[in-house]
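pasting a predicted model and its sequence here:
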Amino acid sequence: MFDFGEILVIGVVALIVLPPERLPQAARTLGQWIGKLQHYVGQMRAEFDREFHLSDLRRLGEEARASARSVETELRGVVSGVESEVGKVAADAMVPLGDNSWTGGGQPLPPMSFPRRYKPRPSIDDLTQEIERLKRQLALPDASAGSRRKFAPRARVNRARVRR
């Protein structure tokens, strides 16, 4: 930057040009300008760094998109191959095997229905009717009769509570 001799020359010129009573105010103003300049340069540097970082991110994003596109095209090729194979197998499965007659050696055709392996469950209507019946069976006497209590009132115990 400046060496000591140059700063001394600037100071002497400032004393000659500016009167001594205005020198502190001029130095303060010069310091404020230098601070603003440093702040502006710092902002510009930060913005440049941000833009550089964003361009890096954009480049990485484009690379990721390109690799995703290549994977997508490969997968589409594999899927179309599998679909064609499945179509061939499905077409082969739909071809009739012959005259569709039973060749069981004179035995009758096997039954077309299978025995149940479980008990049938009740329908939803049956369940709701059963629930209503149980509710009526368990219904308590009318609570509006305040004089008739089914249970005794809870007893109060006068003892100190122990807190742990």
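Yep, that arrived. Residues are numbered from 1 along each chain as shown.

which helix runs longest in this protein?
Across the chain, the longest stretch assigned as helix under DSSP state H is helix 23-94.

and after that helix, which helix or strand comes next?
The helix or strand immediately downstream of helix 23-94 is helix 124-138, counting by DSSP states H and E.

chain center to that following helix: distance?
Put simply, helix 124-138 sits 44 Å off its chain's centre (Cα atoms, centre = their mean, to the nearest Å).

and it, C-alpha only, in CSV?
Extracted C-alpha coordinates of helix 124-138, given in CSV (Å, rounded to 0.1, in the frame of the first residue of the first chain):
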residue,chain,number,x,y,z
ILE,A,124,-72.7,-57.1,9.3
ASP,A,125,-76.4,-57.0,9.9
ASP,A,126,-76.2,-60.1,12.1
LEU,A,127,-73.4,-58.4,14.1
THR,A,128,-75.3,-55.2,14.6
GLN,A,129,-78.4,-57.0,15.7
GLU,A,130,-76.3,-59.0,18.2
ILE,A,131,-74.6,-55.8,19.5
GLU,A,132,-78.0,-54.2,20.0
ARG,A,133,-79.3,-57.2,21.9
LEU,A,134,-76.3,-57.2,24.2
LYS,A,135,-76.7,-53.5,24.8
ARG,A,136,-80.3,-53.9,25.8
GLN,A,137,-79.3,-56.9,28.0
LEU,A,138,-76.6,-54.8,29.8
